[in-house]
Structures are given as C-alpha cells and as structure tokens.
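Enquirer: Output the structure for:
(one chain, ligands or ions: 2)
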Amino acid sequence: MKKVVKFGGSSLASAEQFKKVGDIIRSDEGRRYVIPSAPGKRFSNDIKVTDMLYDCYETAVSGKKFAQKLEKIKERYEEIIKGLDLTLSLDDEFARIQESFLAKAGKDYAASRGEYLNGIVMAAYLGYEFVDAAQVIFFDEEGNFDAVKTDKALAERLQDVERAVVPGFYGAMENGCIKTFSRGGSDVTGSIVAKAIRADLYENWTDVSGFLVTDPHIIENPEVIETITYRELRELSYMGATVLHEDAIFPVRKEGIPINIRNTNAPDEKGTLIVESTCRKPKYTITGIAGKKGFASINIEKDMMNAEVGFGRKVLGVFEDNGISFEHMPSGIDTMTVYVHQSEFEEKEQKVLAGIHRAVQPDSIDLESDLALIAVVGRGMRATRGTAGRIFSALAHANINIKMIDQGSSELNIIIGVRNEDFETAIKAIYDIFVTTQL
Ligand SMILES: Nc1ncnc2c1ncn2[C@@H]1O[C@H](COP(=O)(O)OP(=O)(O)O)[C@@H](O)[C@H]1O
Ligand SMILES: N[C@@H](CC(=O)OP(=O)(O)O)C(=O)O
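Expert: Numbering: from 1, shown residues only. Ligands and ions are numbered 1, 2, ... in the order given. So this is what the prediction gives:
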C-alpha cells in the first residue's frame, strides 16, 4: 500500500501536534510520502507562519527593518525543534532568507519558506529524505502549473526513494523563481504527488473529523459525511467549503485515487472518503451545504427579449470585455439576471452598465448587492422528489426571502440566492430540515 499523507497547518502548529503526526505516520508502513504545510494557528487568534512571512516580506520590500519579524518566525520553528528534541539548526537557512528578502526575491518565495522549513524539520523528525518542491513541481513562464513536466519529474525523483517529505504549496518556474499555488495549496501538492507515484490513497489530515455537512462555524458540530463523490465535493469546495482546496480534486480524480479526509486530533475516526463513484446510499437526501457571501445581481429587462437572437451572448460579451466572470444566469421571458462577485463588479459597474445599454438597448436595468449564494448538493437528490419544495418551505418558515433558485440539469445541486444577512439562518434552516429532523 502506497499512501501520500498531507498534514495541514493546524496539524503542525506546535511540537505537540508534530508528535501526533509522527505517531500517525509511524503507525502505518504505507504512509511513505509526506506533504507538510507551514505551521498554522496554535490557538484561535494566533497567526499562521504563512501570514507572518507575507507580512515580513512586505516590510522588507518597503525598505523598513524586518529583522525582528523574521526572528519571530524563526522562534516558531525553534519552539518545534526544541519540543521534538532535535539537533537541527536553521541559522543558515534564515540567513539565506534574510538575504533573499533584501534582494526582493518575491512574495511567493517568501510565503513558500513556511512549507520549505517545515519540510526540513519534518524530514529530520521522521528520518525521511527531504525533496525540495522547487526541484519537482513546475510552473510555466506564465505561472500556470505544468502538469506534464511535474508528473515526469516527480515520478523519476521518487522512483527509488522509499520515504520522502515534499513540502506543500510551492514549486518553481522555468527560470528558477519560486511560485506558489493559491492559499491552501498544499492540498494541491498532495494530490499531484499522489498522482505521480500512483498512490493507493491520498490522506489529507486536518483538524476536523472529515468533510462536514456544512461549515462548523455556522452549525455547531455538524455531521461528518462518510462518503462523497468528486463531483459533489467539487461543488461544495467551489462554493466555499475550505477543508480541501478546490483544485486538489483534479490530479487524483484522473487516476481514480480516493482521498481520505482525517482528523490529526482524532486519528481513530474514519473521516470522509472521497471517491469517483459509489453505490453507497447517502445517509440523507443532501450530502452537503456550502455558500459564499458578496454577490451582486444585474437584472435586465426588455420586451420581446426572447425573440432577439444573440441577446444573451451580447450581454455576456460585455462582462467578458470587462474581465468579469459570471456565477449564475437565471432568466425569464423578458428578463435575464446575471450574478457576479460584487468585489469584481463594483469598480467596473458604470462601464458594464453603459456597455449593456450599447449592446442590447434594454428597457431597464436593476442592480442589487450584498447577496449570498448557497449550494445544496447531493447525489441523493436525483432519486428524491420534492427536494426543492422542502428547501422552499424551510426557508419560508425561517422568514427568508429567496432571491433566486437554480437547479443544475444534473440534479446534483440546487443554488439559492438570499440576502447576505440571511445567509447563516438559511443554512441552519436547510440543515435542520434535511439532517436534524430528516424530513
Ligand atoms: N464543510 C466543511 N467540512 C469541514 N471543515 C470545514 C467545512 N467548511 C469549512 N470548514 C473549515 O475548514 C477547516 C479545515 O481546513 P484548513 O483550515 O485549510 O485546515 P488545514 O490547516 O488542516 O489545512 C476546518 O477547521 C473548518 O473550520
Ligand atoms: N500555508 C499555506 C498553504 C496551505 O495549504 O496551508 P494549510 O494546509 O494550513 O491550509 C496557506 O496558509 O495558505
């Protein structure tokens, strides 16, 4: 059995957490390739090392003194090294980082040092070989991930390495410059390594007991999802369920490698298994609920809109010309509504409105802001009648006005638009009706 195991920042925030991780790895021979994140938060208002590095680098490039900030980061690692009784000095590494900050090596280089240093500590602790991600994970000149080159390099490099630590989150471009994935990207590294070595399983260890039906910040102690398909997960992680980076699904999915989300603080729990397909019946009609705030809607009206060939294309062309992607586009006979991210739209609002007027001469355009989108996802919805009806009635009972409802033709998800201020109450109402009361 060959397993790739990724440990998130919360699992590696302190020596105590490192010890739990060590026990987990040593308890299973198959856990041969380890992907660590940078040390995360030790307590709720602590600062992640990645954020300390961004801040320190910004101070350095603005020409201010940054030695003290760098020292604080070094202390985080020294505390871990001391707690693990290791004889390891990071003095040379920190001297090099300081020089590189002065030479403006880049924001991505700065952030990547969190995982790089944690990888060195982890390799020393486990007695595994350290493989720098800059040697095996590649980005092209435009900064896009180069899957083909990476897959080949990783497979070759790890071919004869029995046990290795590969730091998460970063790689290198052709010119040697360090480049990171977006935040939470160590999940992506784990998936890429799992694909390259043809792993049997990709374990992703975090601080919750699996993928939960909904965000634990909204519902206290939500149920754990036992089995979820890649497609369901993609919908949920795209809509804000942050436990797994949305791009982490693709590499393993291509190879049919399952992902197992596990809890470092409760290693005996089975967690969530993410698979290509399953005949296991889901426990509830819905598998999960996720959502995001901060959308705006642009409602366009024009008599006889439906008869005007190319109307939709012309409207969407205006958004494209302004570099704005749209999330949803429900339409009526003489109306169409476009949902966009408010932050992307706000600064270009007047340009977009003028563009729409010019392109399709509408009768009227209405804007609404501070909207939230909620995705109710589940493979079980296809076989169950009345799911949308139950959502409607749950929200009506909770006194929430539904702004929009959109069911994908795959019947795997229903998207609901509500006001930002109703977001949490709406999720609670949907959770209650499908999970708590199991109606
Ligand atoms: N549906 C969900 N299921 C599980 N966790 C979720 C969900 N939605 C949001 N979260 C949050 O994701 C966190 C885990 O992700 P993350 O902070 O990236 O962990 P790590 O540091 O281990 O990579 C959990 O602590 C939880 O608060
Ligand atoms: N350390 C990086 C990458 C990462 O994946 O971290 P975590 O596994 O703690 O989400 C970040 O904070 O974004």
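
Enquirer: For the host helix or strand of I289, buried residues please.
Expert: Per DSSP states H and E: I289 is located in strand 288-301. Neighbour-count burial for strand 288-301, counted by 16 or more other C-beta atoms under 10 Å, picks out 288-293, 295-300. All C-beta spots, glycine's among them, are computed from the backbone N, C-alpha and C.

Enquirer: Specify which member of those residues is nearest to ligand 2.
Expert: Taking C-beta to the nearest ligand atom as the measure, ligand 2 sits nearest to A290 out of those, at 16.7 Å.

Enquirer: My guess is the closest one contacts H217. True?
Expert: No - proximity of A290 to H217 does not meet the contact threshold set by C-beta atoms under 8 Å, at 11.7 Å.

Enquirer: what's the average pLDDT for stretch 17-28?
Expert: Here stretch 17-28 scores 98 as its mean pLDDT.

Enquirer: no, scratch that, I was asking about stretch 167-182
Expert: Mean predicted lDDT for stretch 167-182 stands at 96.

Enquirer: cool, and stretch 372-387?
Expert: For stretch 372-387, the mean pLDDT works out to 87.

Enquirer: mind checking the SS state of the closest residue to M52 other than its chain neighbours?
Expert: Excluding its sequence neighbours, the residue lying closest to M52 (C-beta to C-beta, 6 or more residues apart in numbering) is I73, at 5.1 Å. Three-state assignment for I73 (DSSP: H, G, I helix; E, B strand; the rest coil): helix.

Enquirer: can you tell me how far E203 sits from ligand 2?
Expert: 13 Å (C-beta to the nearest ligand atom, to the nearest Å).

Enquirer: which element is that residue on?
Expert: Using DSSP H and E, E203 falls within strand 201-206.

Enquirer: So what does the nearest residue to Q361 once chain neighbours are set aside have for phi and psi?
Expert: Nearest residue to Q361 in three dimensions, chain neighbours excluded: K302, at 7.4 Å (C-beta to C-beta, 6+ apart). Here is the backbone geometry of K302 (degrees, to the nearest 10): phi -160, psi 130.

Enquirer: Quick one: neighbours of K302, just the number.
Expert: 17 (other C-beta atoms under 10 Å).

Enquirer: In this structure it contacts H357, no?
Expert: No - using C-beta under 8 Å, K302 makes no contact with H357, being 10.9 Å away.

Enquirer: what ranges do the strands span in the stretch 51-200 of the chain?
Expert: All strands of the stretch 51-200 of the chain, identified by DSSP state E, counting those that start in this stretch, fall at 129-130, 138-139, 164-165, 170-173, 178-180.

Enquirer: got the buried residues for the least confident helix or strand in the chain by mean pLDDT?
Expert: Using mean pLDDT, DSSP states H and E, strand 404-407 stands out as the lowest-scoring helix or strand of the chain, at a mean of 86. By 16+ other C-beta under 10 Å, the buried positions in strand 404-407 come out as 404, 406.

Enquirer: before we move on, what about stretch 99-109?
Expert: For stretch 99-109, by 16+ other C-beta under 10 Å, it's 100-101, 105-106, 108-109.
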